[in-house]
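Undergrad: Just a sequence and a predicted model for now, questions to come.
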Amino acid sequence: MEIELNRLIAHYASLFFKVQGVYRYTIVPGTSGKGRTSPYPGIIFPMNGQAQYHFNGVSYYAKPSNVILGGANMALDTRVVGNTKWEYILVLYQVFYPEEGDVCLSKLHTELTVGHSTRLTELLYRLWNISDLPGGLPAFQKEMLFRCILDEVFVCARNHSEKGDGMLFEKVSSYIQEHYMESLSIHDLALQNGINDNQLYYIFLKNAGMGAGQYLATYRLNRAREMLITGNSSVKEIAINVGYPDPLYFSRSFRKRFGCSPSDFRKNQE
């Protein structure tokens with residue numbers, strides 16, 4: 001179901017809404033299912049892998065470069081495609097007061113192309129980490145983070161709807177996400193796309209808020225953090241698996257990014 005982006009943004013701006021739940025799922029390849037969506041509208045934020053969704057019979061192809069908006073109480077068919085685990089974060093929210101105009105989020109299903117935003121990924125993990133914490137401050141932070149996430153989604157979607165450097169950023173960032181475990185050179189990435197290092201830097205700065213080198217490092221460290229949480233590999237193995245042949249340099253980079261060593265981070269998750 002297509003909807004003009006500015007109309008969608010204006011509609012959210014006119015609403016009072018509240019987060020009802022934040023969920024993170026990991027589903028094995030080949031899994032499929034049928035059912036209905038929740039009583040609340042929600043947004044699917046793909047993190048890894050790919051899946052096909054059918055909302056009331058309309059098909060959407062979910063992958064890390066887009067987000068899916070789904071309505072309430074809709075017929076839903078899902079199927080994980082490819083050979084990679086399907087990972088996503090789902091945010092459900094409640095809309096208060098009747099929605100005015102011809103847009104109703106409870107009846108809407110659509111997708112937005114947002115590309116690969118490191119800031120969006122960081123905001124989503126922060127939201128997920130605090131979503132179940134008790135107390136007034138986490139409840140306040142949850143609402144504020146969700147609005148920051150929507151802001152990032154809308155900014156990224158607008159950038160990708162405009163002509164310019166968005167397609168090149170999408171191409172290079174997708175390549176980084178597929179080959180981050182290899183020895184990548186920012187200079188070589190620029191050359192293979194017919195531009196120089198400075199041009200690549202400004203394209204990433206415009207679309208991701210950071211240069212290509214920082215984007216690559218941030219993506220590698222985020223993947224390492226996920227491996228420390230979900231796997232049993234040693235720190236040395238994880239370092240190599242995310243493109244750091246020197247475990248010492250990896251540990252220093254991880255500490256600088258997250259404020260603690262990889263080993264301490266893993267202990268804190270236990």
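TA: Ah, there it is. Here the structure is a predicted model, which means the values were calculated and not measured.
Undergrad: going forward, measure contacts and count neighbours with C-alpha atoms only.
TA: Will do.
Undergrad: Quick check: Asn83 is in a strand.
TA: No. Checked against DSSP: H, G, I helix; E, B strand; the rest coil, Asn83 lies outside a strand; its state is coil.
Undergrad: mind giving me the domain ranges of this structure?
TA: Domain ranges of the chain: 5-160, 166-269, per automatic domain parsing.
Undergrad: Format these as JSON lines; extra columns: mean pLDDT.
TA: Formatted as JSON lines, the domains of the chain follow (pLDDT from 0 to 100):
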{"stretch": "domain 5-160", "mean pLDDT": "92"}
{"stretch": "domain 166-269", "mean pLDDT": "89"}
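Undergrad: Using a markdown table, please lay out those domains together with mean neighbour count.
TA: Below are the domains of the chain laid out as a markdown table (neighbours: other C-alpha atoms under 10 Å):
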| stretch | mean neighbour count |
| --- | --- |
| domain 5-160 | 17 |
| domain 166-269 | 17 |
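Undergrad: so Tyr25 bridges to which residues?
TA: Applying DSSP bridges to Tyr25 gives these bridge partners: Tyr88.
Undergrad: close enough to count as contact, it and Lys85?
TA: No. Using C-alpha atoms under 8 Å, Tyr25 makes no contact with Lys85, being 9.9 Å away.
Undergrad: those strands in this protein, which residues are they?
TA: Here the chain has its strands, by DSSP state E, at 16-27, 32-36, 42-48, 50-55, 58-62, 66-70, 75-81, 86-96, 110-113.
Undergrad: Quick one: closest of the ones you listed to Glu237.
TA: Glu237 lies closest to strand 42-48 among those, at 20.5 Å (C-alpha to C-alpha).
Undergrad: List the neighbouring strands of that closest one plus their orientation.
TA: The strands beside strand 42-48 in its sheet (DSSP bridges) come out as strand 66-70 (antiparallel), strand 86-96 (antiparallel).
Undergrad: Make TSV out of those strands and add distance to Ile3.
TA: TSV is the format used below for the strands paired with strand 42-48 (distance: least, C-alpha to C-alpha, whole Å):
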stretch	distance to Ile3
strand 66-70	11
strand 86-96	19
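Undergrad: between the ones you listed, which one is nearest to Gly194?
TA: strand 66-70 (26.1 Å).
Undergrad: Give me the contacts around that closest one.
TA: Outside strand 66-70, the residues within contact range by C-alpha atoms under 8 Å, 6 or more residues apart in numbering are 37, 41-46, 55, 60, 62, 105-115.
Undergrad: separation between the closest residue in space to Glu152 that isn't next to it in sequence and Phe96?
TA: Nearest non-adjacent residue to Glu152, counting by C-alpha to C-alpha, 6 or more residues apart in numbering: Leu120, 6.2 Å away. Leu120 sits 25 Å away from Phe96, going by C-alpha to C-alpha, to the nearest Å.
Undergrad: With His11 instead?
TA: 13 Å.
Undergrad: same deal with Ser183?
TA: The span separating Ser183 from Phe96 equals 50 Å under the rule C-alpha to C-alpha.
Undergrad: now Leu205
TA: Separation of Leu205 from Phe96 (C-alpha to C-alpha): 37 Å.
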